[in-house]
Structure formats: structure tokens, C-alpha cells
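Q: Quick one, what's the 3D model for this:
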Amino acid sequence: MRERTTSEVVIIGGGVIGCATAYELSRRGLEVVLVEAGTIASAASGASAGGVRQQGRDPRELPVALRAIRRWPQLAQELDADLHYRQDGNLTVAERPEDVAALERRLARERAAGLEVQLLDAGEVRALVPGIAPAVLAASWCPSDGHAMPSLVTHAFARAAARSGARLIQQARATAISRERGRVTAVHTTRGTVSCRWVIDAAGAWSGEVAQFAGLSIPLEARALQMLVTEPAPLRLRPVLGSAHRRLSLKQLPAGAYLIGGGWPGRVALPSRRTWLVPTSLAGNTRAARAVYPPVGAARIVRCWAGIEAFTPDEVPIIGPALELEGFVYACGFSGHGFALAPAVGELVAELITTQCANRLLEPLSAARFTAGTEASA
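A: Okay, here's the model as predicted:
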């Protein structure tokens with residue numbers, strides 16, 4: 001990159017959200033520069049569990065998930081890439097009567113919002129997943145959910161964006177944002193300055209720092225979420241398994257390995273991008289997986305890691321324009337469950353910039369909910 005260049009849009013962050021947005025903007029004919037402090041998919045998008053899920057979402061983000069899942073079945077063809085996408089459904093199991101009742105209430109809300117989801121009894125769950133634990137009483141079932149490989153998806157969006165003319169600048173850390181007369185004018189990086197009309201804050205756990213460069217403030221907390229993967233096992237588990245009262249996300253990858261997650265915490269040092277595993281969390285996550293699906297216990301754990309995620313106080317993302325600064329757009333705070341939303345977030349942000357009008361789906365996701373009188377200022 002030259003010492004100073006220009007672009008209509010600068011996207012800060014090379015994860016799946018930033019790359020999907022770069023793709024959507026560039027294919028609409030806009031000049032796009034994406035700057036990434038490390039390499040593409042080097043943070044959360046390279047360490048995600050890869051769930052492509054609608055059920056179990058906050059009502060404010062469920063409409064975005066519904067829109068995203070309509071894109072997923074055609075995404076591999078659109079991006080001309082193998083994404084390891086499988087639409088094999090998602091089961092959230094209940095092992096206690098009170099959890100069954102809670103699932104019934106949740107399903108009523110989700111059906112009212114347009115999601116095709118149903119409650120299966122114990123026999124139906126066992127027919128769908130032979131080997132499920134005897135303690136499982138019922139499960140919510142969403143057949144249109146599934147999973148994909150996050151690193152493959154992120155790089156596919158990046159390549160498609162580049163084919164459409166976007167410039168992807170890696171190893172370029174944002175250091176400042178210039179503003180004049182209430183509007184952004186440039187992004188300064190360790191590899192030069194880009195003059196621009198729009199800045200998209202898609203920097204994941206570092207999005208709060210990026211906002212501060214522009215004189216803005218959003219409430220974000222960086223957390224390290226642990227993942228485990230086993231040696232390959234015979235293919236027998238097709239849906240993604242979750243639990244109504246355990247921290248669990250369990251899936252079997254196409255090559256046979258089990259991928260185990262669910263939000264068990266590690267430790268993180270954000271400035272250095274370092275994470276540390278917590279043995280008690282690893283043990284707890286393993287116990288949860290074996291309690292719900294005992295066959296996973298026969299497969300040896302071969303690798304563990306932690307990804308750095310950005311959490312908002314209400315664990316719902318911040319997407320949309322900054323009301324205090326023209327041209328600054330948030331796409332961050334996905335709180336450990338943003339991967340599935342990426343195709344729709346890219347579209348919504350691209351629509352916002354090209355039409356200069358925010359879709360109504362973004363209203364409940366605005367950063368304005370964290371102003372005086374909300375939980376962020378309590």
C-alpha cells in the first residue's frame with residue numbers, strides 16, 4: 001500500500017464479518033480497502049465452532065439469523081469454494097423437566113417469529129441421534145440449522161471480495177481515525193493512511209479500541225472461549241448438539257473428528273493477542289459432551305485452543321451507524337455467535353452504505369441501546 005491512498009470504504013478487521021462485508025460492498029461496485037492487523041481469519045474466525053444456527057437466539061438478532069440462513073445453502077456456489085457446509089440440523093437437548101418447559105416457551109416465541117422448529121420427545125430424539133444419553137427427555141429441533149468451517153468461509157469471502165476489486169491489506173494495524181465536521185475522513189495504519197468516506201468497525205475484540213480512535217465508546221469485553229477436537233471416529237453424529245442447561249456445542253466434522261465447544265472460558269491478554277487454556281474448563285467441557293452424547297468419550301482429545309471473542313453486556317451484537325459520527329458503522333460485539341450471521345450482516349451493512357438508510361432489522365442492534373438509562377450505564 002502507498003503511503004497515502006483513497007477509498008470509499010475502509011473496513012477494519014479481516015474476520016468473517018469484515019470479509020463478508022468487503023465482498024458485498026465490492027460486488028456492488030464500491031471501492032473497498034480492508035485492513036487487518038494480523039492475517040485473514042487469524043482471530044475469532046479462525047477459532048470458531050462454526051455453528052450455523054437460528055434457534056436459541058435473542059429475539060433481536062433472530063431476524064438477521066433467518067435472513068442469513070436463507071443464503072447459506074447457495075453460498076459455496078456463490079463464492080466458488082468448498083465451505084464444508086452441512087445443513088443437518090441442530091438439537092438442543094433437555095435432561096430435566098424444567099428444561100423441557102423452558103424449551104416449549106422458547107419454541108413458541110421462535111415459531112411466532114417465523115422459525116420452523118419443533119419439540120421432539122425422547123423416542124424421536126433417539127431415532128435421530130442413536131447413542132444420545134438416556135437422561136435426555138426431549139429436544140428442540142431445527143432442521144434448517146447446520147455448521148461450516150469458519151476459516152474456509154472467511155477466506156472464501158476474502159477471495160471473492162478481491163475478485164470484485166477489494167484491496168485486502170494484512171499486517172496493517174489501525175492506529176487512528178481522522179474526522180472533520182462530524183464525519184470520518186481517513187484511517188491511519190502502520191502501513192499508511194487511507195482517505196475515505198466510510199469506516200466499518202469489524203475488528204472483533206479490538207472494536208472498542210477502533211471506536212476510541214474515532215472518539216466513540218462502546219461497551220465490549222474480550223473473552224477467550226475454548227474449543228477441543230478429537231481424533232477421527234466413525235461417522236455417526238449428523239446434527240449439531242446443544243444443551244438447555246449445559247455449556248455445550250458438539251458436532252462431528254466431515255473427516256470424523258468431534259468438535260467440542262460451548263463457551264467454556266480460557267484466559268486472554270488482549271494487547272498481545274495471547275490466550276491460555278484453563279484445565280478445569282477443558283475438563284468441564286469434556287464432561288458435558290460425554291454426558292449428552294456418550295460415544296464421544298471413546299475418541300481421544302488431540303487438540304485444544306481458545307479464540308478471542310468480543311462480548312457486549314447483553315450478548316447481542318452492535319450493527320449499524322454511529323449516531324454521533326457520520327460515516328462510522330459498527331459490525332461487532334457478536335458475543336461468540338456471529339459466524340452464522342455473516343452473510344446477512346454483510347448485506348445489511350452494504351445496503352446501509354449504498355442507500356444511506358438502515359434496514360429496520362438493525363434498529364434493535366444499534367449502539368444507542370447502551371446510552372444513558374440502559375444497562376451499560378447502570
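
Q: Relative to the whole chain's centre, how far out is stretch 209-222?
A: 19 Å (C-alpha atoms, centre = their mean, to the nearest Å).

Q: measure that stretch end to end?
A: Stretch 209-222 stretches 11 Å from its first residue to its last (C-alpha to C-alpha, to the nearest Å).

Q: Show me the shaky parts of this structure.
A: Counting by pLDDT under 70, the chain has low-confidence residues at 1-2, 372-378.

Q: mind running it again at 80?
A: Counting by pLDDT under 80, the chain has low-confidence residues at 1-4, 44-47, 372-378.

Q: Pretty sure residue 146 sits against residue 238.
A: No - at 9.4 Å, residue 146 does not count as touching residue 238 under the criterion of C-beta atoms under 8 Å. Placement of C-beta: from N, CA and C, glycine included.

Q: if I look at the two, which residues touch both of them?
A: 86, 88-89 (C-beta atoms under 8 Å, 6 or more residues apart in numbering).

Q: Show me which of those are buried.
A: Buried positions within the shared contacts of residue 146 and residue 238, assessed by neighbour count (16 or more other C-beta atoms under 10 Å), are 86, 89.

Q: Nearest to residue 190 among the shared contacts of residue 146 and residue 238?
A: Closest approach between the shared contacts of residue 146 and residue 238 and residue 190, by C-beta to C-beta: residue 86, at 39.2 Å.

Q: residues in contact with that closest one?
A: Listed by C-beta under 8 Å, 6+ apart, the contact set of residue 86 reads 146-148, 238, 254.

Q: Recalculate using a threshold of 6 Å.
A: Residues in contact with residue 86 (C-beta atoms under 6 Å, 6 or more residues apart in numbering) are residue 146.

Q: do the same with residue 253
A: So residue 253 contacts residue 259 (C-beta under 6 Å, 6+ apart).

Q: so how far is residue 231 from it?
A: Using C-beta to C-beta, to the nearest Å, one obtains 11 Å as the distance from residue 253 to residue 231.

Q: Could you do residue 332 as well?
A: According to C-beta to C-beta, residue 332 stands 35 Å off from residue 231.

Q: Between the two, which is the more surrounded one?
A: Between residue 332 and residue 231, counted using other C-beta atoms under 10 Å, the more crowded position is residue 332 (31 against 13).

Q: quick one: secondary structure of the closest residue to that one other than its chain neighbours?
A: Nearest in space to residue 332, with sequence neighbours left out and distances taken as C-beta to C-beta, 6 or more residues apart in numbering, is residue 207 at 3.5 Å. Going by DSSP: H, G, I helix; E, B strand; the rest coil, the secondary structure assigned to residue 207 is helix.

Q: What separation do you get for the residue nearest to residue 325 when sequence neighbours are not counted and residue 203?
A: Once flanking residues are discounted, residue 325 sits nearest to residue 214: 5.7 Å by C-beta to C-beta, 6+ apart. According to C-beta to C-beta, residue 214 stands 12 Å off from residue 203.

Q: So those two - more neighbours on which side?
A: residue 203 (28 against 20).

Q: Would you state the helices of the stretch 51-200 of the chain in chain order?
A: Secondary structure of the stretch 51-200 of the chain (DSSP state H, counting those that start in this stretch): helices located at 62-79, 97-112, 122-128, 150-163.

Q: okay, these, which one's buried deepest?
A: Ranked by mean neighbour count, the helices of the stretch 51-200 of the chain are led by helix 150-163 with a mean of 23 (mean count of other C-beta atoms under 10 Å).

Q: I'd like to know which elements it is packed against.
A: Applying 3 or more C-beta pairs under 6 Å, 6 or more residues apart in numbering; DSSP states H and E, one finds that helix 150-163 makes contact with helix 16-26.

Q: Parallel or antiparallel, which strands does the helix or strand just after the helix it packs on pair with?
A: Note on helix 16-26: by DSSP states H and E, the next helix or strand toward the C-terminus is strand 32-36. Strands that pair with strand 32-36, judged by DSSP bridges, come out as strand 9-12 (parallel), strand 167-170 (parallel).
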